[in-house]
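J.: I need the structure of the sequence given here:
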Amino acid sequence: EFLVIPGSPRNPDEGNPSTVFRYDLVYELTSAIVEDRPAIPGFDHGAIAQGVADAVLESADTKTWVDVNHHLG
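T.: Model (predicted):
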């Protein structure tokens, strides 16, 4: 079962999921602009995800546990 951003007119049963998810991102961004609110996900969500990815890579390199908070600044 594929999810759709609430309010999106996209039918989750149509299209290739690896392609059509972008429609929901565009819908969310334009809705946020029109409604004068922050878009979700935003830059802060991406920065957190990058911090987790950096910690995973460091952990794989050092073969140790890594404090994710260290990478989140």
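
J.: Is Gly7 in contact with Ser31, as I believe?
T.: Yes: counting by C-beta atoms under 8 Å, Gly7 touches Ser31, with 6.7 Å between them. (C-beta placed from N, C-alpha, C; glycine too.)

J.: of the two, who's got more company?
T.: The neighbour comparison of Gly7 against Ser31 (other C-beta atoms under 10 Å) goes to Ser31, with 15 against 9.

J.: doesn't Asp24 make contact with the more buried one?
T.: No: judged on C-beta under 8 Å, Ser31 makes no contact with Asp24 at a distance of 10.2 Å.

J.: care to break this protein down by domain?
T.: What automatic domain parsing lists as the domains of the chain is 1-40, 42-73.

J.: got the buried residues for the longest one?
T.: Meaning domain 1-40. Applying a neighbour-count criterion of 16 or more other C-beta atoms under 10 Å, one finds Ser8, Arg10, Phe21, Asp24, Tyr27, Glu28 buried in domain 1-40.

J.: Restricted to strands, list those.
T.: Applying DSSP state E to the buried residues of domain 1-40, no entry is found in strands.

J.: Export the residues you listed as CSV, with columns for pLDDT.
T.: Below are the buried residues of domain 1-40 laid out as CSV (pLDDT from 0 to 100):
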residue, pLDDT
Ser8, 85
Arg10, 87
Phe21, 85
Asp24, 89
Tyr27, 92
Glu28, 92
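
J.: Of those, just say which sits nearest to Val56.
T.: The shortest gap between Val56 and any of the buried residues of domain 1-40 belongs to Phe21, at 22.7 Å (C-beta to C-beta).
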